[in-house]
Structure formats: C-alpha cells, structure tokens
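> sequence unknown, structure follows:
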C-alpha cells in the first residue's frame, strides 16, 4: 500500500470518478476529498475510514469551489494531486436544432469548470510540486460524429488547456487521460436508437456492433489507472500530453476492449 497522498477528486462521487475514489481508499493510504454535485450512496460508508471527506457542490460555482478549497485545507492540510473527472456529453443535436442554453452549459462544465478548479488550487499545488490529472476524450481531434458538436469542440478546448497549462507551469505536472468507450447512459441511448436521424445510421450501427462484441468498457479500467497516476504509482516522464489510460498503465492493456469512439 503506497504512502498517503492528499488528493482532490472533482466529480469523484459518480462514474469513473467514483471508481477512482474507491480505488484510492481501498489500495492506498491517501486522504481524499470528493467534490461534485452527485455522490453515489456506496461512498457513504467509506467516510468511516477517516480518509474521505465529501463536499457536494457545483464545480461551475465560485462559492462551491471556495467551499471545496476550504475543505481541502482543513481536512488534508494541503493538496498533492488534483484529479478532474467532471464532464458531460451535452446535447446530441446538429447545429441547426441546438439549444444555446445547453451549449453554454456544456462548455461551462467541460471547459470552464476544469480551468477554474486548476486556478483555485494552483497556489497549493505549486507548494507541493503536485500533479493535475484531467480526463479529456479523443473526440478532441481524431473522432467526429454527427450531433456531437458540443462534446467534440468542448473536449478540443479542454485538451488545448491541458497542453498550455503544462507549458505555463514549471512546478506542477499536468496529465491528460483518454478513457475508452465506457458504460454510461450515452452509449446505451445511442444503441437504443434515441439519436437516429441526428447521428448517421452507420454511426449508430458502429455503437451497436461494439455492444454486441462486448467492447464497451467498465469504468474501473480507466479509473484504476487514473488512481495509480494520482498516487504516483506509475512513473510518467511526459507533461501536458493526453494519452489513453492504458498507455499510462500497460497492465490494463490485456483487460481493455477495442472500442475507441
């Protein structure tokens, strides 16, 4: 079991973030603060370890971010690693039918919240020469689907932020992580035909084929690699680079499926 680190997981109450939190508490002596709007009930009992503190709040809110910072300093006395898993698919819709409100919401969550979380904790991370780990997506540049304008363009902005932040900061390491195609409501809705007529028929069929072949991945695969990065179990020589989780943690290669959006 690795020595304790002080880790904030933004979005750590649900999905991949929840699995990151669970892995850290089960396999490390890390102290963890979870910050996010949604917290799975399975995390509640883990607070009895004395190593978990939960702050429910919206990462897009100035007041909530300030509350998270206060909790980090009071509960952990500082921070060694900031993990940002928060993100949304946004509205799957072609531009002509898109809601401007939903577009702004997607950018607020996928781009501005990670930027402002990093801004909030940079002073503390500089002191510890700490790490920032941000989940992006390969839709940032390599993948495109009809109706995915919000998701693809916001993740492109996020990946560029990761690159430029790493260039700016000499005392903090910044790592971008690409998950695989993970089991969430999004692929389930595509497979069920919810977005037929928005996505092309060939695109919908691609997801159905991946599902039949069992190539949609459980969140644990990416989460375990991210947790190891956060705990510095994995040596990383790059900075400001986005890579698939299994490129950071080769032990995952024999577990993953082949679906890569």
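All right, it came through fine. On a predicted model such as this, the values are computed, not experimentally measured, just so you know.

> For burial, what's the neighbour tally of the residue nearest to residue 29 when sequence neighbours are not counted?
Spatial nearest neighbour of residue 29, excluding adjacent residues (CB to CB, 6 or more residues apart in numbering): residue 4 at 4.0 Å. The way it works is simple: take the backbone N, C-alpha and C, and place the C-beta from them, glycine included. Here the count is done by other CB atoms under 10 Å, and residue 4 has 16 residues near it.

> before we move on, what about residue 118?
With other CB under 10 Å as criterion, residue 118 counts 21.

> Quick check: nearest residue in space to it, chain neighbours excluded?
residue 132 (5.9 Å).

> Neighbours of that neighbour, how many?
24.

> dump the residue contacts of it.
81, 82, 84, 118, 125, 165, 172, 173, 174, 175 (CB atoms under 8 Å, 6 or more residues apart in numbering).

> can you rerun that using 10 Å?
Counting by CB atoms under 10 Å, 6 or more residues apart in numbering, residue 132 makes contact with 81-84, 114, 117-118, 121-122, 125, 162, 165-166, 169, 172-176, 230.

> And the strands in the stretch 151-261 of the chain?
Ranges of strands in the stretch 151-261 of the chain, per DSSP state E, counting those that start in this stretch, are 173-178, 241-244.

> okay, the ones you listed, which one's buried deepest?
Ranked by mean neighbour count, the strands of the stretch 151-261 of the chain are led by strand 173-178 with a mean of 24 (mean count of other CB atoms under 10 Å).

> now it: mean pLDDT?
On average, the pLDDT along strand 173-178 is 98.

> re the thing from before, quick one: which of the strands of the stretch 151-261 of the chain is nearest residue 204?
Across the strands of the stretch 151-261 of the chain, residue 204 has its closest neighbour in strand 173-178 (22.4 Å, CB to CB).

> Return the distance of that closest one from the chain's centre.
Its chain's C-alpha centre and that of strand 173-178 lie 10 Å apart, by CA atoms, centre = their mean, to the nearest Å.

> ok, now stretch 85-93?
12 Å.

> again, but for stretch 151-170
13 Å.

> in that stretch, what counts as buried?
151-159, 161-162, 165-166, 169 (16 or more other CB atoms under 10 Å).

> right, and out of those residues, which lies closest to residue 188?
residue 151 (16.0 Å).

> Tell me the spacing between the closest one and residue 175.
21 Å (CB to CB, to the nearest Å).

> Look up the closest residue to the most centrally placed residue in the chain, ignoring the ones flanking it.
In the chain, the centroid-proximal residue (CA atoms, centre = their mean) is residue 85; its distance is 2.1 Å. Nearest residue to residue 85, sequence neighbours excluded (CB to CB, 6+ apart): residue 17, at 3.6 Å.
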